[in-house]
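K.L.:
Output the structure for:
(chains A, B and C)
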Amino acid sequence: MKESSAKARYNSVPDKVFDITNIVFMLCIVIVTLYPFINMFALSFNDANDSIRGGLYFWPRVWTWDNYNYIFNEASIYHATFISALRTILGTVVSVFCTAMLAYTVSRQEYVLRKFVTIVAIFTMYFSGGLIPGYLLIKELHMINSFWVYIIPGIISVFNLIVIRSFIEGLPDGIMESAKIDGAGDFITFMRIVLPLTVPALATVSLFVAVSQWNSWFDVFLYNSSHINLSTLQYELMKILQTSNTAASSTNVGDQFAAGQSGVTAVTPTSIRATMTIIASLPIIMVYPFLQKYFVKGMTVGGVKG
Amino acid sequence: MVNKKLLTVSLAAAMLAVTASACGGNNNNDEPKSSNTGNSGNAANASTSPEAEDKTPVTFSYYSFTSQKDTMASDTVIGKELQNQTGVDWKMEFLVGDPQTKSGVMIASGDYPDVIVPEGEIDKLLDAGAFIPLDDLIEKYGPNIKRVYGQYFDKFRQADGKMYFLPFGANQGYVGDPGISQGAFWIQRSVLKEAGYPKIKTLDQYFDLIKQYQEKHPTVDGKGTIGFASLAGPADSFFSITNPAMHLAGYPNDGSVIVDMTTHEAKTYAATDNEKKWLQKLNQVNSEGLFDPETFTANKDQFLAKLTSGRVLGYFNYAWQVGDATNNLMKAGIDEKRYAPLPIVFDENTKDQYLDPPSFVNNRGIGISVNAKDPERIIKYWDNLLKEENQVLVQWGVKDQNYSVDANGRFIMNAQQISDRSDPEKKRSIGWQYFEYSWPRYGNNSVLADGNSYAVSNQPEVAYAGYTDGDKALLDAYGAKTFSEYFSKPDERAWYPAWSINKGQGTPEQIFEQKASDLQKKYIPKLVLAKTSDFDSVWNDYVGQMNKLDVKGYETFITKVVQDRINGKW
Amino acid sequence: MEKLQDVMPVVKSPAASSSRLQLFFKKLMQQKVLLLMSIPFVLWLFLFKYVPLWGWTISFQKFRPAKDLFDQEWVGWKNFHFLFSDDSFYRVLRNTIVMSSINLVLGFVTAIVLAIMLNELRNIMFKRVVQTISYLPHFISWVVAANIISSALAPEGVINILMTKLHLIDQPILWLGKGNYFWGILGASEVWKNVGWNTIIYLAAITTIDPSQYEAAEIDGANRFQRILHITLPGMKSVIVILLIMNLGNILESGFEPQYLLGNGMTVDYSENLDIFVLKYGMNMGNYSLATAAGMFKTVVSFIFLLSANSIAKRLGQSRLF
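P.N.:
Modelled structure (predicted):
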């Protein structure tokens, strides 16, 4: 492909206008979507007691590390971060692989159970037996207080299944046929041809799974709350937040008169929430560029090269 | 949420009266016996025979539906001391997330810890049979439990006549809170100062004063002065705008009803004349530009920011709702920007009743679950905890470290000790955070055998040590020693608090409360912000909607429970 | 490619049935590998998704969690009756449908437009940076987001200041106090929070477009808009259609937190949706049965929308869900 000739064509006047408008439009989006993080940043580095006064937007008024110290002093945070990372990596790999495999089978037009499997899967997106039956099932399966409760109930994501299926179906005809002719079985075709060719889709659903694994705390709350070794970062942060909530609106008689002159800089739920937003989202945001390269490409590069 | 917070039973009594006699000013029929028990030092601890107690180390599980950092009891000073006495340690776990989900899952799976503090989920757990009856255990192993709770037993027996949990509010004698930790009409001190500390009693006087001040000072630091606001935006704070109707009419916080002092009939006050008077006044001050319409939309952070800005001249809220802001103002050290509580009523002839009467909250407590490994050891531990010296330990801490005793035998604290008592880290490491409340205990208003206050903050010496010069100057101007002193003393209300009446899950009463409060949420902002000429038509619409609900049925139900309570049936 | 969808074990006529069945099993045996690759997951779906459906019985009971299934008090359709006969139910249902439709339409349009515009950016670094930043709000909780939104919309907030400066309004508006603004505010908030995140899947779809198509179009002299219209959009079409069908099934899921956090008494006629209603009369009153009944109602509506959308797509000859 000839980059230079392509460039020349882009330089017409309407194209210039379009580009400039587009850049301005993007800058507006950047301002609006970056603001909450800047605001969280300012709040998290600002003295909690001072933050109550409000009016913090872009920059801390009274700098402090106290909010971060408060969270990082919590010894349980470190192991919980490890568990979070482990469940994110393992959960993503397992779920994406299994979902892709199932997606491959339901993309095979000749598969006799294709429609049956598809419908069985799709329907599950729109109902739920409810919290308590779900809990009792996990209990019957002896998955309470185990790490596997983070992985096994999430093996298949039906939404992702459909996404991957539609990408597989979009692959150029004939690729799989030629594999068949070469004598490759379905499993080989899936591993050698389908997986490599659907990388943008896999990167996308990996991101979906990874983010939801990283952010989830409800399963920890339900199944593993009394097992500190299986606690996750988000759950520990929730704990800290709720504890700071109690401290802020304490019912205890000792607090109401003394808190004011005590000189203790208490954390507030607002400052803790800002700090935990930063702490919890930074790792997953840093992972992002590595996945991003698979689905954000140059306009004329990429795509399927059969 | 609300109920939990209201648990802070705060009663007022003059400081001197308190030191003189613990039962002075208190005429609750049930009380004298307890006061005697509490004050006659000899009976302070029922003797547990010193026969060889089982002290083999054991760890039980404790689960509370409040939020706190999980811990082992023995990691705290207090928990360690109690372990030394009994050999018992506790794995203490606390709720993270949603209580309804947690209780549902706990019940469905039957996975109960040894001891549970269910807070608002208590009805569900009782209904599910999660707790064992305590009567026989108390009879056999609980002399101190009997001493502390004996007179209250009938107030928390369940329908089958058995006791399944121990509540937290068994007052032994009575001492009031010197501060105002509950509701009041607050006013900026600069307003009082400029007007020469006038005596303010009625709602009209209150708003006149604010109006005069605002006319003179239309802006503060370049931004408009706000006459009156309230934190009523979040759904769970809306009571801040409805409850004043009850307080202004001269009643304490009974929730959604006013109970007549002579007939003991409970009446809702939503869509009645009392509420109309209050809202009409707000409507009027709104038309005068004194009312902040953001009252109905601002969230807590926004409201607190406003209060700390010094622009708000008056507000109605419960002290614990806005503690972050008032503490912030106190720290800032500008006394004029701080607020003073006022017991405002509708007219000169009404006696204010902002201070909570002596009460016994019977729908919160701690129980032993059916899964408990050794209920006897647990009951013995509780009984030991209720010994007076251990009750001092859980509130005051270790003598000469966390508090001192002066020549007169009074407990005192220096500035450092006061600060430690409220420092979250210290509260955890010493163990106050874990032991001062959700266990079998004396009520907050209790008096110890030696005349000291059970709760630290109710000890006048401690409270006074915490006052700033500004506080003292203001109190001097009103000729009072404490803030609660210029509020009227609470009348006796044997049923108090009516808000703790159990309506059951999904009953018509519970549904009525939800619908009535939905109507209030919808109509009150309309009424306050309406053009004055439209007020009546909106009001009629509101009353019409409210009357579609079964108000009568609800009132009959509450009245019946109130009268049962008066007759000793709780 | 063979089209064998019809080879399902569906009995159409007695005569044909035995031979059809034989054919089916014969095919199945030939597809052992596909079978092995899918059946474990089908079993998984049955175990984790279908087995807990016994919980739906709760909606016909006055459920008390401590009791066994057979000791429960059965109340027939009473919980459904409570749901459908409440005065506010139809208002709540209307709000739910309106808000989720707004979210659906706005969500789709904005994400697709943003994906295309991003794709048209020439500087790859700039493109990646913009894309990364645009999805950041997805990572803040609704509590935090609601805080930011309500301070922006406060009488002294940035929106009112801007609009006053631009002479669009004379005096500040109490945005969150007016019911008729609520849906708009909610829709805009959802877009702000999720547009970047929703874009990702469309960007992935764009990468699969064969670049030679763009080259060919250029040689034909197509301009930017023509290329977007005739290459980029058609390239995304199947993903768009599939997502649209799936989301139509979620027509009664309009979210819970933003309405709960941004709504108040003044806007309740517009902000209260099914989830909030169920929270108030179900969960908050320990009434799991009502919550379950509402869940079943949602499922029924979902299926109606899902099946209709799917068959419309089929009739229009578009890619479809099943």
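K.L.:
what are the ranges of the helices in the stretch 151-300 of chain A?
P.N.:
A:158-170, A:175-181, A:186-188, A:195-197, A:199-215, A:218-223, A:233-248, A:255-258, A:269-295 (DSSP state H, counting those that start in this stretch).
K.L.:
Redo the ones you listed as a markdown table? Include mean neighbour count, mean pLDDT and distance to B:Leu385.
P.N.:
In this view, the C-beta of every residue, glycine as well, is placed from N, C-alpha and C. Rendered in a markdown table, the data for these read as follows (neighbours: other C-beta atoms under 10 Å in any protein chain shown; pLDDT from 0 to 100; distance: least, C-beta to C-beta, whole Å):
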| stretch | mean neighbour count | mean pLDDT | distance to B:Leu385 |
| --- | --- | --- | --- |
| helix A:158-170 | 22 | 92 | 53 |
| helix A:175-181 | 14 | 80 | 73 |
| helix A:186-188 | 17 | 90 | 65 |
| helix A:195-197 | 16 | 91 | 63 |
| helix A:199-215 | 22 | 93 | 41 |
| helix A:218-223 | 20 | 91 | 30 |
| helix A:233-248 | 22 | 80 | 22 |
| helix A:255-258 | 26 | 36 | 22 |
| helix A:269-295 | 19 | 88 | 31 |
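K.L.:
and of the ones you listed, who's closest to B:Ala184?
P.N.:
When those are compared by C-beta to C-beta, helix A:255-258 sits nearest B:Ala184, at 13.3 Å.
K.L.:
For chain B, give me its nearest residue in the stretch 101-250 of chain C.
P.N.:
For the stretch 101-250 of chain C, the residue closest to chain B is C:Leu176, as judged by C-beta to the nearest C-beta, at 4.3 Å.
K.L.:
Report the contact partners of that residue.
P.N.:
Contact criterion C-beta atoms under 8 Å, 6 or more residues apart in numbering or on different chains gives B:Thr297, C:Ser150, C:Leu153, C:Phe182, C:Ile185, C:Leu262, C:Asn264, C:Met266, C:Thr267 as the residues in contact with C:Leu176.
K.L.:
I'd like to know which of those is nearest to chain A.
P.N.:
Relative to chain A, the closest of the contacts of C:Leu176 is C:Ser150; by C-beta to the nearest C-beta it sits at 12.0 Å.
K.L.:
Distance of that closest one relative to B:Ser309?
P.N.:
Using C-beta to C-beta, to the nearest Å, one gets 17 Å for the distance from C:Ser150 to B:Ser309.
K.L.:
Between these two, tell me which one has more neighbours.
P.N.:
Each of C:Ser150 and B:Ser309 had its neighbours counted (other C-beta atoms under 10 Å in any protein chain shown), and the higher figure belongs to C:Ser150 (23 against 18).
K.L.:
Which strands and helices lie in contact with the helix or strand containing that one?
P.N.:
C:Ser150 belongs to helix C:142-153 when elements are defined using DSSP states H and E. Secondary-structure packing of helix C:142-153 (3 or more C-beta pairs under 8 Å, 6 or more residues apart in numbering or on different chains; DSSP states H and E): helix A:13-44, helix A:269-295, helix B:300-309, helix C:158-165, helix C:179-207, helix C:257-262.
K.L.:
which ones are touching the one residue in the stretch 101-250 of chain A that gets nearest to chain B?
P.N.:
When C-beta to the nearest C-beta is the measure, the stretch 101-250 of chain A has its nearest residue to chain B at A:Gln242, with 3.8 Å between them. Taking C-beta under 8 Å, 6+ apart as the contact definition, A:Gln242 lies against B:Ser67, B:Leu95, B:Val96.
K.L.:
got it, and C:Val239?
P.N.:
Contact criterion C-beta under 8 Å, 6+ apart gives A:Val163, A:Ser166, A:Phe167, C:Ile201, C:Tyr202, C:Ala205 as the residues in contact with C:Val239.
K.L.:
and it, what pLDDT?
P.N.:
Model confidence at C:Val239, expressed as pLDDT, equals 91.
K.L.:
Check the secondary structure at it for me.
P.N.:
The local conformation at C:Val239, judged by DSSP: H, G, I helix; E, B strand; the rest coil, is helix.
K.L.:
Near whatever residue of the stretch 301-450 of chain B ends up closest to chain A, how many residues? Count them for me, please.
P.N.:
Of all residues in the stretch 301-450 of chain B, B:Ala305 sits closest to chain A, with a separation of 2.6 Å (C-beta to the nearest C-beta). The number of residues packed near B:Ala305 is 20, by other C-beta under 10 Å.
K.L.:
Verify the stated contact: it with A:Leu56.
P.N.:
No. Shown here, B:Ala305 and A:Leu56 do not form a contact pair, counting by C-beta atoms under 8 Å, at 9.3 Å.
K.L.:
Show me what from chain B comes close to chain C.
P.N.:
Remark: the part of chain B in contact with chain C comprises B:100, B:104, B:107-108, B:123-124, B:127-130, B:223, B:233, B:235, B:238, B:293-294, B:296-299, B:301-302, B:505-506, B:510-511, B:514, B:518, B:520-526, B:529, using C-beta under 8 Å from any C-beta of the partner chain.
K.L.:
So which of these sit within helices?
P.N.:
Using DSSP state H, the members of those that fall in helices are B:100, B:104, B:107-108, B:123-124, B:127, B:301-302, B:510-511, B:514, B:518, B:520-526, B:529.
K.L.:
restrict those to those near chain A?
P.N.:
With C-beta under 8 Å from any C-beta as the criterion, these include B:Gly104, B:Ala108, B:Asp301, B:Gln302 near chain A.
K.L.:
Going by distance to A:Ser44, which of these wins?
P.N.:
Within the set of these, B:Asp301 lies nearest A:Ser44; the separation is 14.6 Å, counting by C-beta to C-beta.
K.L.:
what sits against that closest one?
P.N.:
B:Asp301 sits in contact with A:Ile52, A:Gly54, A:Thr270, C:Asn147, C:Ser151, where contact means C-beta under 8 Å, 6+ apart.
K.L.:
Could you measure from the third one over to chain C?
P.N.:
In other words, A:Thr270. If you measure A:Thr270 against chain C using C-beta to the nearest C-beta, to the nearest Å, the figure is 8 Å.
K.L.:
Isn't that residue up against A:Asn49?
P.N.:
No. Counting by C-beta under 8 Å, A:Asn49 is not a contact partner of A:Thr270; they are 10.9 Å apart.
K.L.:
Residues of the stretch 51-200 of chain A that sit close to chain B?
P.N.:
Contacts of the stretch 51-200 of chain A with chain B, taken as C-beta under 8 Å from any C-beta, map to A:Ile52, A:Arg53, A:Gly54, A:Gly55, A:Leu131, A:Ile132, A:Tyr135, A:Leu136, A:Lys139.
K.L.:
cutoff 6 Å now
P.N.:
Applying C-beta under 6 Å from any C-beta of the partner chain, we find that the stretch 51-200 of chain A lies next to chain B at A:Ile52, A:Arg53, A:Gly54, A:Ile132, A:Tyr135, A:Lys139.
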